[in-house]
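Fold the following and give me the result.
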Amino acid sequence: MVCGGYVCTKNALCVLNILYILVSLLLVGVAGWGKWFDLVSSIRVVAGVIGVGVFLFLVAFVGLCGALKHHQVLLFFYMMVLFIVFVGQFSVSCACLALNKDQQKLLLEVGWNKSEATQRDVEKTLGCCGFSFVPINGSCAASCFDIHPETCVTCSTTILQYAGEVLRFVGGIGLFFSFTEILGVWLAHRFRNIKDPRSNPGAFL
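Numbers count the residues shown, from 1 in each chain. Coordinates of the predicted model:
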């Protein structure tokens, strides 16, 4: 059977959803590993990554079941959810690629002010203190603060050195997966409208 028929479309949809399941398990594993080894102390960050992993796993599981059973309702639900995810992810990816330096700094400052646990993680990992200024009379998790506080650099200076590259990387990865999602939508739509050659030729699928 030529590619594009029932079996080929089914296999392609199954492979795509197995890939999504592996990615979801990787996300959950990395989040758990980071929390277990105290690399990330923010519960919100860990919970967010695990939540994304669980959501992706559920969507991929629905798509895989729909592909294996040629289930019209599951395939339609999978197609709709995946399209909504595609729109959101494509928009965020384009925004990551389009942010300038001032917008990057503003976005980072908003995220910085939302969680003190994240602030400590960043200060400890990058060896910086504060966002816009070093809190000489305050506290800081960086090692330089205990020795010579005046030698510490602000975290905004350190982060902005790599923010552009990180955002381009994240935006590129997001665009790649967004196109796999639209591929999944197309495969699910195509598969729903293909008759199973093993079924009754007069049956409507």
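
When you work out contacts or count neighbours from here on, use the C-alpha atoms and nothing else.
OK.

I'd like the distance from the top helix by length along the chain to the chain centre, please.
The residue-count maximum for a helix in the chain (DSSP state H) belongs to helix 155-192. Offset of helix 155-192 from its chain centre (Cα atoms, centre = their mean, to the nearest Å): 8 Å.

Output the below-cut-off pLDDT ranges for the protein.
Residue ranges of the chain with pLDDT under 70: 1-4, 37-42, 198-205.

and if we set it to 50?
Across the chain, the ranges flagged by pLDDT under 50 are 1-2, 203-205.

For it, which segments are assigned as helices?
Using DSSP H, the helices found in the chain span residues 6-36, 43-69, 72-98, 101-114, 116-126, 143-147, 155-192.

name the helices or strands packed onto the second one?
Spelled out, that is helix 43-69. helix 6-36, helix 72-98 (3 or more Cα pairs under 8 Å, 6 or more residues apart in numbering; DSSP states H and E).

can you give me the angle that helix makes with helix 6-36?
For helix 43-69 and helix 6-36, the angle between their directions (axes from the mean of the first three to the mean of the last three Cα atoms, to 10 degrees) works out to 160 degrees.

wait, what's in contact with the nearest residue in space to Leu56 that is not next to it in sequence?
Of all residues not flanking Leu56 in the chain, Ser24 sits nearest, at 5.7 Å (Cα to Cα, 6 or more residues apart in numbering). By Cα atoms under 8 Å, 6 or more residues apart in numbering, the contact set of Ser24 is Val52, Gly53, Val54, Leu56, Phe57.

Which one of the residues you listed is nearest to Thr158?
Thr158 lies nearest to Val52 out of those, by Cα to Cα, at 28.0 Å.

Number of residues surrounding that closest one?
Residue neighbour count, defined by other Cα atoms under 10 Å, stands at 14 for Val52.

Could you do Ala188 as well?
28.

That one contacts Met80, correct?
No. Applying Cα atoms under 8 Å as the test, Ala188 and Met80 come out as separate, 9.8 Å apart.

for Pro135, phi and psi?
phi -80, psi 80 (degrees, to the nearest 10).
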